[in-house]
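# Have a look; sequence and predicted model below, questions after that.
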Amino acid sequence: MADTAAPKPGSTTDEIPIEAPLYEKRRQLFVQSVKGRYRSIKWAVLVLTLGVYYLLPFVRWDRGPNAPDQAVLIDFPARRFYFFFIEIWPQEVYYLTGLLVLAAFVLFLMNALAGRVWCGYLCPQTVWTDLFLAVERFFEGDRRERTKLYQGRWTGNRIARTGGKHFVWLMIAWWTGGAWVLYFADAPTLVWQLATLQAPLIAYIWIGILTFTTYALAGFLREQVCTYMCPWPRIQAALTDEHALNVTYKVDRGEPRVSLKKSVALRETGEKVGDCVDCNQCVAVCPTGVDIRDGLQLGCVQCGLCIDACNNVMDKIGRPQGLIGYDSEYNLERRLAGEPEEKPKIVRARTILYVVLILGISAFMAFHLATRSTLDVAALHDRNPLFVQLSDGSIRNAYTVRLANKALEERVFTLSLDGLPAGFVEAVGAENVSAQSLSVAVGPARTRELRVLVTVPRGTDGPASREIVFTLAAPEGESAFVRDHFMMPAN
C-alpha cells in the first residue's frame with residue numbers, strides 16, 4: 001500500500017495527496033509498423049543474428065579423424081568447447097572468463113558511443129520481440145486494425161487470426177529451444193533423434209523450458225522485460241556521459257508543439273511555433289510505449305524507430321528531418337543556451353580507455369591461444385600418509401599425476417623426475433625408461449591419470465620436505481612441468 005502524506009492544518013482527509021504507485025499498471029501496446037533507415041538496420045540485424053543462431057550448429061569444421069566436425073560444439077561428455085579452430089579444455093576456463101570481460105568492455109564502449117545501442121538492435125529480447133511483432137502484424141494487421149480486433153467480439157475470424165499467430169509463435173519458440181540444444185551434440189544426429197523420439201530426455205526438457213521462456217518473454221512480457229527485469233538500463237545510466245549519442249527529441253526545435261493546422265495559423269501571425277505537430281507517431285511505433293519527447297527514460301531501448309516515424313512525418317509536411325535523432329546532452333544544452341553545437345566527441349578519455357582495454361585483452365588472449373601448449377601435467381600428493389617407510393628402510397611418496405594430450409593424435413610422453421639426488425619412479429601401466437623417468441602413451445585429445453610412486457633408498461640425507469619437479473616431454477620437444485614436494489622423516 002502506498003504511503004500517504006500527513007494532512008495540512010485545517011485540511012480534510014479528502015485533500016491528502018496519495019503517493020504515486022511504484023509500478024505502472026500494465027497497458028496493452030499496439031505497436032505500429034514503420035519504414036525507414038533504422039527499421040531497415042533492425043531487419044538486417046534480425047536476419048543476421050537469427051540466421052547465425054539457427055544455422056551455426058549445422059556448419060562443419062574438419063579437425064581430423066579423432067575430433068568432432070561441428071564448427072561450434074559444447075561437448076560435455078568429453079569436457080571440451082570447440083569454436084572453429086579453437087579447442088578449450090576445462091582447465092582453460094580462463095579463456096571464457098577473458099571473453100566475458102572482453103564482452104563487458106565492448107558493451108561499455110557501445111554505451112559510451114551510442115547509448116543503449118545493444119538494447120535497441122542486438123539484445124536477444126529485442127530481436128525475438130521484433131520477430132514476434134512481425135508475425136502478429138501478418139495475422140492481425142497493423143496497429144489500427146489490431147486495436148479494432150481486440151476491442152471487438154470473439155468471432156470466427158478473430159479466433160482464426162489469433163490462433164494462427166500463437167501457433168507460429170510457438171513454432172518459433174520451439175525451434176529456438178531446439179536450436180539451443182544442437183550446440184551440445186552433433187546437430188544432424190540430434191535432429192534425427194529428436195524427430196524419432198530417441199533423443200536423451202534432458203534434450204526434450206531443455207527444449208520445453210526454452211520454448212516456454214521464448215514464447216512468454218517475446219510474446220507477452222515484451223517491454224516489461226526491458227523496464228523491470230533487465231538490469232542493464234540501470235547500470236548503463238551510471239556509465240554514460242554528456243557526450244554519448246542517444247535518441248533525443250530536440251526540444252529546442254520542436255517546442256512549443258501544436259497541431260499542423262494551428263501551427264500554420266500561428267506562423268502566419270509571426271508567433272514562435274515548434275516543428276513538432278503532436279501527431280504521436282513517435283509513441284505509436286515505440287515497442288515499449290515511451291514518449292521520447294519526455295526525455296531519456298528507463299523504458300527507452302534506443303531502437304531509433306521514433307526517428308524513422310518522425311522523419312516520415314517531417315517529409316510529408318515539408319519540414320526538415322532530424323527533429324528526433326541521435327544527439328548528445330552536451331549539444332542539446334548548448335543549443336538551449338543559444339550556442340552553436342559541436343561535432344560529436346567520439347574520441348575522448350572514456351572511449352580511448354575502453355578501446356585500449358579491448359585491444360589489450362584481445363591481444364593477450366590471442367597470443368596465449370597461439371602459443372599455448374598441446375600437453376599438460378598436474379600432480380597431487382597423497383595426504384594420508386604423507387610418506388611410507390618400506391621394510392628395507394627406503395622412503396616412498398605417492399602421487400596422482402594427470403597427463404593431458406591436447407593433440408589430435410596419440411603420443412608417447414616421457415615423464416621424468418628432478419629434485420632428488422637418488423631414487424626412482426614407477427607407475428601402474430607405464431613402462432620404466434630409466435630410474436627417474438617413465439614412458440606413457442596418451443590417446444588423442446585425452447587425459448590419463450597415473451598412480452606414481454617415488455622411492456628414495458635408505459640413508460638419503462636431506463630436509464624433511466624438498467621440492468621436486470615432474471616434467472612431461474613430447475617426442476617433438478614440447479614440454480610442461482609441475483612442482484610438488486617429497487616428504488621424509490625429520491633427521
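Now that the structure is in, tell me what you want to look at.
# got the contact list for the nearest residue to residue 176 once chain neighbours are set aside?
Leaving aside its sequence neighbours, residue 176 sits nearest to residue 214 (Cβ to Cβ, 6 or more residues apart in numbering; 4.7 Å). The way it works is simple: take the backbone N, C-alpha and C, and place the C-beta from them, glycine included. Residue 214 sits next to 128, 172-173, 176-177 when contact means Cβ atoms under 8 Å, 6 or more residues apart in numbering.
# switch to 10 Å and redo it
When contacts are counted by Cβ atoms under 10 Å, 6 or more residues apart in numbering, residue 214 is found next to 124-125, 128, 131-132, 169-170, 172-177, 180.
# confidence score at it?
The model reports residue 214 with a pLDDT of 96.
# doesn't it fall inside a strand?
No - counting by DSSP: H, G, I helix; E, B strand; the rest coil, one finds residue 214 to be helix, located in no strand.
# any idea how far residue 405 is from it?
Separation of residue 214 from residue 405 (Cβ to Cβ, to the nearest Å) stands at 40 Å.
# Could you do residue 109 as well?
Residue 109 is 39 Å from residue 405, by Cβ to Cβ.
# Tell me which of those two has more neighbours.
Taking neighbours as other Cβ atoms under 10 Å, residue 109 and residue 405 compare with residue 405 leading, 24 against 17.
# close enough to count as contact, the more buried one and residue 475?
No - look at residue 405 against residue 475 with Cβ atoms under 10 Å: they stay out of range, at 11.6 Å.
# Identify the residues contacting the closest residue to residue 191 other than its chain neighbours.
Nearest non-adjacent residue to residue 191, counting by Cβ to Cβ, 6+ apart: residue 182, 7.2 Å away. Residue 182 makes contact with 54-58, 70, 72-73, 188-191, 194, 203, according to Cβ under 10 Å, 6+ apart.
# which residues of the stretch 51-200 of the chain fall in strands?
Remark: strands assigned in the stretch 51-200 of the chain by DSSP state E, counting those that start in this stretch are 72-75, 80-83, 86-88.
# Turn those strands into a markdown table, including mean neighbour count, distance to residue 459 and mean pLDDT.
Compiled in a markdown table, these are given as follows (neighbours: other Cβ atoms under 10 Å; distance: least, Cβ to Cβ, whole Å; pLDDT from 0 to 100):
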| stretch | mean neighbour count | distance to residue 459 | mean pLDDT |
| --- | --- | --- | --- |
| strand 72-75 | 18 | 51 | 92 |
| strand 80-83 | 18 | 48 | 89 |
| strand 86-88 | 16 | 48 | 87 |
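# To residue 341, which of those strands lies closest?
strand 80-83 (44.5 Å; Cβ to Cβ).
# okay but residue 385 is in contact with residue 397, surely?
Yes - using Cβ under 10 Å, residue 385 makes contact with residue 397 at a distance of 9.3 Å.
# joint contacts of these two?
residue 487.
# So which of these two has more stuff around it?
residue 397 (23 against 11).
# distance of that one from residue 365?
38 Å.
# Check residue 221 too.
Distance, residue 221 to residue 365, by Cβ to Cβ: 36 Å.
# same check, this time on residue 48
Distance from residue 48 to residue 365, by Cβ to Cβ: 25 Å.
# Same question for residue 80.
Between residue 80 and residue 365 the distance is 18 Å, computed by Cβ to Cβ.
# immediately after the helix or strand bottoming out on mean pLDDT in the chain, which helix or strand?
The helix or strand with the lowest mean pLDDT-type score in the chain, counting by mean pLDDT, DSSP states H and E, is strand 431-434 (a mean of 62). Using DSSP states H and E, the helix or strand that follows strand 431-434 in sequence is strand 437-442.
# Partner strands of that next one, with direction?
Applying DSSP bridges, strand 437-442 is found paired with strand 411-418 (antiparallel), strand 431-434 (antiparallel).
# what's the average pLDDT for the first one?
Mean per-residue pLDDT for strand 411-418: 88.
# again, but for stretch 356-363
95.
# Outline the domain layout of the protein.
37-236, 245-336, 375-487 (automatic domain parsing).
# Most tightly packed of those domains?
Among the domains of the chain, domain 245-336 has the highest mean neighbour count (mean count of other Cβ atoms under 10 Å), at a mean of 18.
# how far does stretch 206-226 sit from the chain's center?
With Cα atoms, centre = their mean, to the nearest Å as the basis, stretch 206-226 stands 17 Å off its chain's centre.
# Can you give me the end-to-end span of that stretch?
24 Å (Cα to Cα, to the nearest Å).
# before we move on, what about stretch 270-279?
22 Å.
# How about the contacts made by the residue in the chain sticking out farthest from the centre?
In the chain, the greatest distance from the average C-alpha position (Cα atoms, centre = their mean) is reached by residue 392, at 61.6 Å. Contact analysis of residue 392 by Cβ under 10 Å, 6+ apart lists 455, 457-458.
# now do 8 Å
residue 458.
# Can you classify it by secondary structure?
Applying three-state DSSP: residue 392 is coil.
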